[in-house]
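[1] My questions are about this predicted structure, shown below with the sequence.
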Amino acid sequence: DGGITQSPKYLFRKEGQNVTLSCEQNLNHDAMYWYRQDPGQGLRLIYYSQIVNDFQKGDIAEGYSVSREKKESFPLTVTSAQKNPTAFYLCASSIEPEIYGYTFGSGTRLTVV
Amino acid sequence: AQSVTQLDSQVPVFEEAPVELRCNYSSSVSVYLFWYVQYPNQGLQLLLKYLSGSTLVESINGFEAEFNKSQTSFHLRKPSVHISDTAEYFCAVSAPNAGGTSYGKLTFGQGTILTVHP
C-alpha cells in the first residue's frame, strides 16, 4: 500500500544533541512538508520542498535543517540551536494540494531531556 | 495571504447530540477548503473537502460541511455524534500563491478538540 512513513514514533534526546527525523513516501508525490504541532497552537510549517534538490523555509525554520536528495525522502534535523524542540512532528506529502490536500504520516514525538 | 480561524478551541458534547465546529477563512480570491481529523498520537486524516460545485459536502462517517462564500465560512456539522468522534479537527484552506500562478501550501486553523461524553 502507498503511504508516508515517519520513524521513529517516539524519540528521546539529551539537550544539545542534534537529532534527525525520518520521512519516507512511496506515493510518487512531488511536494513534501514538515510541521510542528504543540498543544493549542495548531500546525506550524517548518520546511517544505516542491521538488527534489529544492526546499524552502516555512514559518518556524530556525533551529531546523532539511535535505531532499531523493523524491521519496525528506529528513528533518532538529539542531541544538532549536530552543524548545520537544514537540510532535508531522511530515506530509502532496501531488496537487488544492485538489487532494495532504497525506500525513503518523508523526514522531520528540522529547528532549 | 490567507488565514483560517477556528472559533472554538474545545467543544464538549454528549453522545447522540448534534455538533457544529466553526471555521472562518480570510482570502481575497477563490479558495479550496478542507477538514482534517486527528486521533491522539496519530497524523491527520482528510475528512472532507470543498473544491467547487455543491456547497454542501459530506464525509463517509456522517459529517458534513457547508461552504458559505458570503460569510467566508466552512463549518463542520454532525447531527448525532458518537464516542468514537472524539478527536481534534482542523480546518485548512488552499489559495493561490502571490503570483496567482498556482495553488500550493495549505494553511491550517488552530484546531478544535471535540470531546464526546457518554
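    Alright, I've got the coordinates. What you are looking at is a predicted structure, and each value in this text was computed from that prediction instead of being measured.

[2] so A:Gly3 makes contact with A:Asn28?
    No: counting by Cβ atoms under 8 Å, A:Gly3 does not reach A:Asn28; the two are 11.8 Å apart. Where you see a C-beta, it was placed from the backbone N, CA and C, and this is true even at glycine.

[3] more neighbours, the two?
    A:Gly3 (13 against 10; other Cβ atoms under 10 Å in any protein chain shown).

[4] List the backbone torsions phi and psi for that one.
    The phi/psi pair for A:Gly3 (degrees, to the nearest 10) reads phi -180, psi -170.

[5] who touches it in this structure?
    A:Gln25, A:Asn26, A:Leu27, A:Thr103, A:Gly105 (Cβ atoms under 8 Å, 6 or more residues apart in numbering or on different chains).

[6] Show me those that map onto strands.
    A:Gln25, A:Thr103 (DSSP state E).

[7] which of the contacts of A:Gly3 count as buried?
    A:Gln25, A:Thr103, A:Gly105 (16 or more other Cβ atoms under 10 Å in any protein chain shown).

[8] among those, which are in reach of chain B?
    A:Gly105 (Cβ under 8 Å from any Cβ of the partner chain).

[9] So which bits of stretch A:18-27 are buried?
    A:Val19, A:Leu21, A:Cys23, A:Glu24, A:Gln25.

[10] Tell me the bridge partners for the first one.
    Using DSSP bridges, the beta-bridge partners of A:Val19 come out as A:Val78.

[11] Do I have it right that it meets A:Thr77?
    Yes: with contacts counted by Cβ under 8 Å, A:Val19 reaches A:Thr77, the gap being 7.1 Å.

[12] Output stretch A:8-15 in CSV, but only the C-alpha positions, please.
    Extracted C-alpha coordinates of stretch A:8-15, given in CSV (Å, rounded to 0.1, in the frame of the first residue of the first chain):
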residue,chain,number,x,y,z
PRO,A,8,10.7,6.6,15.0
LYS,A,9,7.4,7.1,16.6
TYR,A,10,8.9,8.2,19.9
LEU,A,11,12.4,9.8,20.2
PHE,A,12,14.3,10.9,23.3
ARG,A,13,17.4,13.0,23.2
LYS,A,14,19.6,14.9,25.5
GLU,A,15,19.7,18.7,25.4
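
[13] Which of the contacts of A:Gly3 sits closest to chain B?
    Chain B lies nearest to A:Gly105 out of the contacts of A:Gly3, by Cβ to the nearest Cβ, at 5.3 Å.

[14] Check that closest one and give its pLDDT.
    With respect to pLDDT, A:Gly105 has a value of 96.

[15] which ones are touching the closest residue to it other than its chain neighbours?
    The shortest distance from A:Gly105 to any non-neighbouring residue, by Cβ to Cβ, 6 or more residues apart in numbering or on different chains, is to A:Gln6 (3.7 Å). By Cβ under 8 Å, 6+ apart, A:Gln6 lies in contact with A:Leu21, A:Ser22, A:Cys23, A:Tyr89, A:Leu90, A:Cys91, A:Gly105, A:Ser106, A:Gly107, A:Thr108, B:Gly43.
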